[in-house]
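*Asks:* My questions concern the predicted model and sequence given below.
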Amino acid sequence: MGIVAIALNTFREGAKDKIFYAIVVFAIIIMGSSRFIATLSVGQIDKITKDLGLATISLLGLLIAIFVGTKLVYEEISRRTIYTIISKPVTRSQFILGKYFGLLLIIGMTLTILTVFFSLVVYLNSNTLDAHLLKAIGLAFFELALITSVAIFFSTFTSPISSALFTMGIWVAGHFSGDLKGLGQISDSSLSRGVSTFLYYLVPNLSNFDIRGEVVHGVGIPHTFFLFSVCYGLIYSAAVILIATLIFRKRDF
């Protein structure tokens, strides 16, 4: 049993989770009703449809990353199946990586389903397809990959509820990290400035992945920015997963 086997098993188990299906159905309902919601604003149907669709995909993907990711490791420990797994020729690092990539498969499948449905809704509204929407969804995936790594990290040493709260806190802080640094800079206390600067660089800057506004209003996204955001997400996720594996290696089973 290696990384691939654990990932595929995680994918199969996650795909059976009722939360997964509830989230997907809820997202489809929201995007399906976007045309009705958009008609409330004259002349903005296309923009509101795109904005609502992209926001729905990001939010529902976040819920899957949090509610599924935070219990992946914990359930293996609570059900004592972890003893069976680690008794086989598989390292603890492979276990964590398998769980991580398995959840990414679930998120990737979810985003693919929602993207197909979303594209259909956009086409029915405007008779055109905007390729820039795929850029926004692509960056949303890398943001979710980062958040998934955070969820896995917390799940290695705390309960699902605590992990979910911590992960959600990181997500909120990540979207307001720029404001956090700005508040510290206007403070008269050097300690406050130092702490805010430290937290700014510690917390992931999730604004790097949010190009929804630019896409909706037809603003071009430089390829360099897209590439930077992807690399940033990959490096940050790898660092968090590395720390998670180090912590999990220290656990006594």
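*Replies:* That came in fine, so what should we check first?
*Asks:* Report the distance from the one helix or strand S149 maps to to the chain centre.
*Replies:* S149 belongs to helix 132-155 when elements are defined using DSSP states H and E. Between the centre of helix 132-155 and the centre of its chain there are 3 Å (CA atoms, centre = their mean, to the nearest Å).
*Asks:* List the buried residues for the next helix or strand after that helix?
*Replies:* Sequence-wise, the next helix or strand downstream of helix 132-155 (DSSP H and E) is helix 160-175. For helix 160-175, the buried set under the neighbour-count rule, 16 or more other CB atoms under 10 Å, comprises P160, S163, A164, F166, T167, M168, I170, W171, A173, G174, H175. Backbone N, C-alpha and C define where each C-beta goes, glycine included.
*Asks:* For the last one, which non-adjacent residue is spatially closest?
*Replies:* What sits nearest to H175 in space, not counting adjacent residues and going by CB to CB, 6 or more residues apart in numbering, is L206, at 5.0 Å.
*Asks:* Could you pull up the contacting residues of the one you found?
*Replies:* E143, L146, W171, G174, H175, S177 (CB atoms under 8 Å, 6 or more residues apart in numbering).
*Asks:* 6 Å instead, please
*Replies:* Residues in contact with L206 (CB atoms under 6 Å, 6 or more residues apart in numbering) are E143, G174, H175.
*Asks:* Just name the closest of these to T197, please.
*Replies:* Nearest to T197 among the contacts of L206 is G174, at 15.7 Å by CB to CB.
*Asks:* so who does the closest one touch?
*Replies:* Neighbours of G174 in contact, by CB under 6 Å, 6+ apart: V203, P204, L206.
*Asks:* what does I66 give?
*Replies:* Contacts of I66 (CB under 6 Å, 6+ apart): A151, A164, T167.
*Asks:* could you redo the last one with a cut-off of 8 Å?
*Replies:* So I66 contacts I147, A151, A164, T167, M168, W171 (CB under 8 Å, 6+ apart).
*Asks:* Please report how far the fourth one lies from I64.
*Replies:* Plainly put, T167 is 12 Å away from I64 if you go by CB to CB, to the nearest Å.
*Asks:* next one: the second one
*Replies:* When CB to CB is applied, the distance between A151 and I64 equals 10 Å.
*Asks:* Can you give me the neighbour number for F95?
*Replies:* 22 (other CB atoms under 10 Å).
*Asks:* any idea which helix or strand carries it?
*Replies:* helix 92-126.
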